[in-house]
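Asks: Based on what follows, work out the 3D shape:
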Amino acid sequence: MIAFSLISIFMCSAVLGGMRIWHSAKQIRASETRASCSVTDASTTTEPAKIWLFLPMLNEYDAAAESIRYFAKIAQAAPREINVRIIVVTTAKEQISGYKSTNVIARETIVEVNNVAGRDLVFHEHYPNQVGWKPHQLNWAIRRMIERDCPDDWKRVLIAVYDVDARPNEMTLTALMAFMSANRPWPEVVQQLSTYFPTSGRVARFTIWGAMGALWQTRFTLAIERTMIERSGRSSPRCLLWSIANGFFIRLDTWKRIGFFTEKFQTEDIELGYRLSAAGVPIELLNPPLETGNPCDFITDVKQKSRWFSGLFDYLRYPGSCGFGSPLSRLFLAFQGLLRGVLWISSGPVLAVSILAPFLFGISSVTLLLSISAYLLPVVLMYITMLALADFASSERTKSALVRPSVALAIPFLAPLYAVNYCFGPFLYLAKFVFSRTRYPRERWTNA
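Replies: Numbering: from 1, shown residues only. Okay, here's the model as predicted:
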């Protein structure tokens with residue numbers, strides 16, 4: 001009975017997942033064909049607006065300069081009606097050991113970029129405390145910008161947050177303002193989701209294993225993240241929102257109303273999604289997607305997923321720290337988050353046992369069918385994701401890294417291994433939590 005249930009789950013997941021990936025890809029392709037129209041719409045209908053685009057950095061020696069130059073080009077490509085300011089936020093937490101610090105690299109690159117632009121396009125804020133992480137940097141820098149700019153209408157100011165290795169399309173800000181102009185009043189929160197390419201230390205680097213990770217993570221974006229955000233606005237009872245502090249836009253007045261970015265939890269974006277859900281603030285999707293790095297090596301990838309899982313583990317504590325919604329609704333939202341964590345951490349062992357079923361429980365028609373269906377699930381989803389990416393007009397970095405014959409040939413061998421490996425990070429986090437008896441294991445923080 002269990003075997004037949006698992007077979008049904010694997011087959012339905014492959015079919016439904018493939019349909020969702022293709023549906024998301026179709027929407028993205030449609031948004032790309034409307035890009036030229038967005039230029040006209042944004043330049044003629046958008047009221048004057050400000051965008052504060054924040055790039056928090058820690059130990060980004062190799063990627064800082066390239067990232068600042070790239071985002072300066074993005075700001076220069078924005079419609080003239082938008083006042084874009086890029087704010088690079090470094091921190092005194094950084095430990096310098098034989099390298100030029102990110103703080104120094106940022107200062108030098110900002111002078112260079114502003115000289116080329118002929119105006120103050122990029123600004124620098126250095127968080128002075130050695131204690132804290134990404135949300136501390138963001139909240140501190142936003143308050144500094146409020147003191148500097150003294151905005152009259154906080155509803156006309158958008159806070160944007162990107163990671164150092166993020167590469168949004170050059171038309172992103174134009175598409176954003178066209179979208180905002182078409183929706184009055186302005187949406188409070190807008191999310192730009194990611195396609196992924198393999199990186200090492202924030203710098204693009206191709207490996208076959210990294211390509212598997214990037215494909216699997218892109219599959220999650222297209223099949224799951226987009227669906228969760230699209231359905232959240234019309235679901236009842238309320239669906240738990242999923243926010244990502246990369247390609248994330250929030251109105252300045254909403255940032256203040258919901259209580260800023262949390263400084264209690266390391267995964268501030270997951271907690272923010274929970275708080276927005278409790279407060280009844282919807283998240284709107286922005287196309288086209290941005291491109292973001294995914295670790296290309298096994299160890300870094302596992303550490304990243306371990307940190308991400310800590311945010312799902314913290315759903316145990318979110319209801320007690322949230323001041324929005326009724327106690328019952330907060331508990332229901334936390335239950336949804338914990339269920340997602342359980343599904344994540346259990347999917348790997350279930351998939352591994354199912355693939356090995358003929359060896360573990362003997363060869364029979366049932367165990368063979370179970371093994372084949374479990375094996376085909378990640379293989380089919382990765383192939384569909386690759387085909388969907390190949391038809392994108394944007395995402396050039398992702399396509400050049402993932403749409404390759406070598407990757408296509410490796411999928412039948414490595415896709416099931418990576419799908420099982422995807423659960424190693426959550427297990428690492430639980431092991432550290434149990435054996436270290438500390439809430440957050442001591443490990444170097446990054447904005448990944």
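Asks: Show residues contacting stretch 273-281.
Replies: Residues outside stretch 273-281 that contact it (CB atoms under 8 Å, 6 or more residues apart in numbering) are 188-189, 232, 238-243, 254, 257-259, 262, 282-283, 315, 318, 322, 324-325, 329-330, 333-334, 337. Quick note: C-beta positions are derived from backbone N, CA and C, even for glycine.
Asks: Can you tell me which of the residues you listed are buried?
Replies: 188-189, 232, 238-243, 254, 258, 262, 283, 315, 318, 322, 324-325, 329-330, 333-334, 337 (16 or more other CB atoms under 10 Å).
Asks: Helices - which of those residues land there?
Replies: Of the positions in the buried ones among the contacts of stretch 273-281, 232, 254, 318, 329, 330, 333, 334, 337 sit in helices, assigned by DSSP state H.
Asks: tell me the pLDDT at residue 300?
Replies: With respect to pLDDT, residue 300 scores 92.
Asks: Tell me who's in contact with it.
Replies: residue 200.
Asks: Show me where the stretch 301-448 of the chain dips below the pLDDT cut-off.
Replies: Filtered on pLDDT under 70, the stretch 301-448 of the chain yields the residue ranges 437-448.
Asks: From residue 69, how far out is the residue nearest in space to the middle of the chain?
Replies: Centroid-nearest residue in the chain, with CA atoms, centre = their mean: residue 244, separated by 4.4 Å. Taking CB to CB, to the nearest Å as the measure, residue 244 falls 24 Å from residue 69.
Asks: Likewise for residue 281?
Replies: 34 Å.
Asks: These two - which one has more neighbours?
Replies: Ranked by neighbour count (other CB atoms under 10 Å), residue 281 and residue 69 place residue 281 first, with 20 against 14.
Asks: Could you confirm the more buried one falls within a strand?
Replies: No: judged by DSSP: H, G, I helix; E, B strand; the rest coil, residue 281 forms no part of a strand; its state is coil.
Asks: Look at it and report its pLDDT.
Replies: Looking at residue 281, the pLDDT reads 87.
Asks: which phi and psi does it have?
Replies: The phi/psi pair for residue 281 (degrees, to the nearest 10) reads phi -100, psi 120.
Asks: Residue 196 too?
Replies: According to degrees, to the nearest 10, residue 196 has phi -120, psi 150.
Asks: thought residue 142 was touching residue 54?
Replies: Yes: if you go by CB atoms under 8 Å, residue 142 and residue 54 touch, sitting 7.5 Å apart.
Asks: shared neighbours, those two?
Replies: Going by CB under 8 Å, 6+ apart, residues that sit against residue 142 and also against residue 54 are residue 159.
Asks: What about residue 336, how many residues nearby?
Replies: Residue 336 has 17 nearby residues by other CB under 10 Å.
Asks: any idea how far residue 374 is from residue 7?
Replies: 8 Å.
Asks: Which one of the two is surrounded by more residues?
Replies: residue 374 (25 against 18).
Asks: quick one: secondary structure of the more buried one?
Replies: helix.
Asks: List the buried residues in the longest strand along the chain.
Replies: The strand that spans the most residues within the chain, counting by DSSP state E, is strand 82-91. For strand 82-91, the neighbour count (16+ other CB under 10 Å) marks 82, 84, 85, 86, 87, 88, 89, 90, 91 as buried.
Asks: who does that strand touch, helix- and strand-wise?
Replies: Contacts defined by 3 or more CB pairs under 8 Å, 6 or more residues apart in numbering; DSSP states H and E place strand 82-91 against strand 49-56, helix 64-76, helix 102-117, strand 122-127, helix 134-149, helix 172-181.
Asks: Which one of the ones you listed lies nearest to residue 305?
Replies: Counting by CB to CB, residue 305 lies closest to helix 134-149 out of the helices and strands packed on strand 82-91; the figure is 17.4 Å.
Asks: Residues contacting the closest one, please?
Replies: Applying CB under 8 Å, 6+ apart, the set of residues contacting helix 134-149 is 50, 52, 54, 56, 58, 85, 87, 89, 91, 125, 127, 129, 159, 161, 245, 252, 255, 260-263, 266, 268, 445, 447.
Asks: buried subset of those residues?
Replies: 50, 52, 54, 56, 58, 85, 87, 89, 91, 125, 127, 159, 161, 245, 252, 255, 261-262, 266, 268, 447.
Asks: quick one, strands of this protein?
Replies: 49-56, 82-91, 122-127, 157-161, 189-191, 194-200, 203-204, 248-251, 284-285, 290-295.
Asks: average model confidence for the third one?
Replies: Spelled out, that is strand 122-127. Mean predicted lDDT for strand 122-127 stands at 93.
Asks: what's that strand in contact with?
Replies: By CB under 8 Å, 6+ apart, strand 122-127 touches 68, 71-72, 75, 85-93, 103, 106-107, 110, 113-114, 136-137, 140-141, 144-145.
Asks: which of the residues you listed are buried?
Replies: Buried among the contacts of strand 122-127 by 16+ other CB under 10 Å: 68, 71-72, 75, 85-91, 93, 103, 106, 110, 113, 136-137, 140-141, 145.
Asks: Next one: the residue nearest to the centre of the chain, what pLDDT does it get?
Replies: Confidence score, pLDDT, at residue 244: 85.
Asks: ditto for the one 3 residues further on
Replies: Listed pLDDT for residue 247 reads 90.
Asks: With residue 48 instead?
Replies: The model's pLDDT for residue 48 equals 61.
Asks: And for residue 36?
Replies: Note on residue 36: pLDDT of 52.
Asks: same check, this time on residue 59
Replies: pLDDT, read off for residue 59, is 85.
Asks: what's the burial count for the nearest residue to it once chain neighbours are set aside?
Replies: Here the nearest residue to residue 59 in space, its sequence neighbours aside, is residue 94; by CB to CB, 6 or more residues apart in numbering that works out to 5.7 Å. The number of residues packed near residue 94 is 19, by other CB under 10 Å.
Asks: List the contacts of residue 94.
Replies: Residue 94 neighbours (CB under 8 Å, 6+ apart): 58, 59, 101, 102, 103.
Asks: Wait, the second one touches residue 103, no?
Replies: No: in terms of CB under 8 Å, residue 59 does not count as a neighbour of residue 103; the distance is 10.8 Å.
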